[in-house]
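Colleague: using only what follows, build the 3D model:
(one chain, ligands or ions: 1)
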Amino acid sequence: MAGASIFQDDRVAKVIQIGESGLMYVIGEEEIEAVRRVFQRKKLFRYQRDEGECDSFEREFAEKVGGRHAIILSSGTNALIAAFRACGIKTGDEVIIPAYTFVATAAAVLNVGAIPVVANVDEELGLDPSDVKAKITPRTRAIVPVHMDGLASNLEGLLGLCREHGLAMVEDVAQAIGGSYDGTGLGTFGDFGCFSLNENKTISCGEGGILITGRRDLYERAFSFHDVSAQFNPVRKELFAEPQVVAGSSMRVSEVLGAIMRVQLQRLDGIISGLRERKKLLMAELAGISEIRVVQGHCAEGGCGSSLHLVFQDPASALSFGREFRAAEIPFLPVIMRPAHVCWKWAPVFNAKATDYLSSLDLLSRTLKLDIDLSLTTEQTERLGRRIAKLLHHEIPGGE
Ligand SMILES: Cc1ncc(COP(=O)(O)O)c(C=O)c1O
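Modeller: Okay, here's the model as predicted:
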């Protein structure tokens, strides 16, 4: 591979890059070693006599992102469900979610018997406070900003609405682990932050989720919900004054995932800085091109840098440039076509009105997305940026 690496963290440069066979950014010998240690202890259940891998990961993750309490569990969807339950959201309540999110956000709301209400996204692809305001009713209980594709939503505006109307905020941070807003970790602004650890997230153990909260009472409720037997388990006795049966679930994960995640967490800063550097290089090459606007989220420097979004003036231009990029083997994809990430695919299932999200469809149909490739060198990234710019100027038919 030509050119100097722009990795600042040597540990990242040394690890195995999972290329075409998988989507994880980086995984290496350290994860294998961590799993080996768990097997050597022959105790895979998360509850140990002393602090186990899951306990340590929860403490380390909470310290890293700034939440007071964290729970590692079996998926991001389950993190949302446990958060909604802990917030007391129930049958008939309304929960406002954005038009641009993975179907799991809506499914988690439905799972607790509540009604997902779809609000439009703003120009930065996050939940639009002005549309949320218009959709608040006496039945609204919570707002779910989703920091899609690593882009921070307008937390200031949304928090203001939550305070004004006495609503819970559950941040869906599935796609933005390691991102921040005004210098503070995404996921720590709401009552809960819910993260996914599945394969195509900034850090991952294949499958899993994390939930964080700053409130002890919500933590206890969520903990009990994620493990129905926790209240009766001697190692968790200190959490509960008097054991009670909770109609919870079993969302625990084993020590194997906890151990992998402790290593992945150490890689997080290197992955995020590598992605941000590459996005910055690409953006520098695209500066001043009037045909497009680059989406930066509501806190440009806090975004994860995991993808580059170009917004065109009309859907036809987005489609035709998308075709040109792909012909040149630059895999920009129209956001509107994502199979389970845009509400026009899933909102009809629960009879949401199409008129509730029309402006989002207009924006998303004008937007192309390119995932940032962490394995590219500085030189390769700059060359890619120049090729994108040239194609936007119609200077090259399909290459440099
Ligand atoms: C925005 C969003 N929310 C929730 C989830 C659900 O996470 P999981 O697949 O871990 O259940 C995902 C997963 O990709 C997601 O992208």
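
Colleague: stretch 243-263 close to the ligand?
Modeller: No - Stretch 243-263 stays clear of the ligand (CB under 6 Å from any ligand atom), getting no nearer than 10.7 Å. All C-beta spots, glycine's among them, are computed from the backbone N, C-alpha and C.

Colleague: give the buried residues for that stretch.
Modeller: 246, 248-249, 251-263 (16 or more other CB atoms under 10 Å).

Colleague: and the end-to-end length of it?
Modeller: Taking CA to CA, to the nearest Å as the measure, stretch 243-263 stretches 34 Å from start to finish.

Colleague: and whichever strand or helix holds residue 389, what does it pack onto?
Modeller: Residue 389 belongs to helix 378-392 when elements are defined using DSSP states H and E. Applying 3 or more CB pairs under 8 Å, 6 or more residues apart in numbering; DSSP states H and E, one finds that helix 378-392 contacts helix 255-286, helix 315-327.

Colleague: what comes up buried for it?
Modeller: Residues of helix 378-392 classed as buried: 380-389, 391-392 (neighbour count, 16+ other CB under 10 Å).

Colleague: quick one: residues contacting the nearest residue in space to residue 360 that is not next to it in sequence.
Modeller: Setting aside the residues directly before and after it, residue 360 is nearest to residue 99 in space (CB to CB, 6 or more residues apart in numbering), at 3.6 Å. For residue 99, the contact set (CB atoms under 8 Å, 6 or more residues apart in numbering) comprises 118-121, 342-343, 347, 356-357, 360-361, 364.

Colleague: so who does the residue positioned nearest the centre of the chain touch?
Modeller: In the chain, the residue lying closest to the centroid (CA atoms, centre = their mean) is residue 175, at 1.7 Å. Applying CB under 8 Å, 6+ apart, we find residue 175 in contact with 102, 146-150, 196, 201, 304, 306.

Colleague: ok so, going back, starting at the chain centroid, how far to the helix holding residue 389?
Modeller: The chain centre lies 27 Å from the centre of helix 378-392; the measure is CA atoms, centre = their mean, to the nearest Å.

Colleague: do the same with stretch 344-359
Modeller: Distance, stretch centre to chain centre, for stretch 344-359: 22 Å (CA atoms, centre = their mean).

Colleague: what residues does that stretch touch?
Modeller: Contacts to stretch 344-359, defined as CB under 8 Å, 6+ apart, come from residues 99, 103, 106, 110, 115-120, 131, 135, 336, 338-340, 343, 361.

Colleague: and the residue of the chain nearest the ligand?
Modeller: Residue of the chain nearest the ligand, by CB to the nearest ligand atom: residue 76 (2.6 Å).

Colleague: quick one, what contacts the residue nearest to that residue when sequence neighbours are not counted?
Modeller: With sequence-adjacent residues excluded and distances taken as CB to CB, 6+ apart, residue 76 is closest to residue 196, at 2.8 Å. Taking CB under 8 Å, 6+ apart, we find residue 196 in contact with 75-77, 79, 104, 174-175, 208-209.

Colleague: and residue 196, what's its pLDDT?
Modeller: At residue 196, the model reports a pLDDT of 98.

Colleague: relative to residue 339, how far out is it?
Modeller: Remark: distance between residue 196 and residue 339 (CB to CB, to the nearest Å) = 17 Å.

Colleague: same question, residue 246
Modeller: From residue 246 to residue 339 the distance is 35 Å (CB to CB).

Colleague: now residue 176
Modeller: On the measure of CB to CB, residue 176 and residue 339 end up 20 Å apart.

Colleague: pick out whichever of these two has more residues nearby.
Modeller: Shown here are residue 176 and residue 339; by other CB atoms under 10 Å, residue 176 has more neighbours (32 against 9).

Colleague: name the helix or strand for that one, please.
Modeller: Going by DSSP H and E, residue 176 is not part of any helix or strand.

Colleague: going forward can the numbers begin at 11, since that is how I track them
Modeller: Let's use 11 as the start, then, which means that last one is residue 186.

Colleague: pretty sure it sits against residue 155.
Modeller: No - if you go by CB atoms under 8 Å, residue 186 and residue 155 don't touch, sitting 10.2 Å apart.

Colleague: inside helices: which ones of the contacts of residue 109?
Modeller: Counting by DSSP state H, those place 353, 370-371, 374 in helices.

Colleague: okay then, goodbye and thanks.
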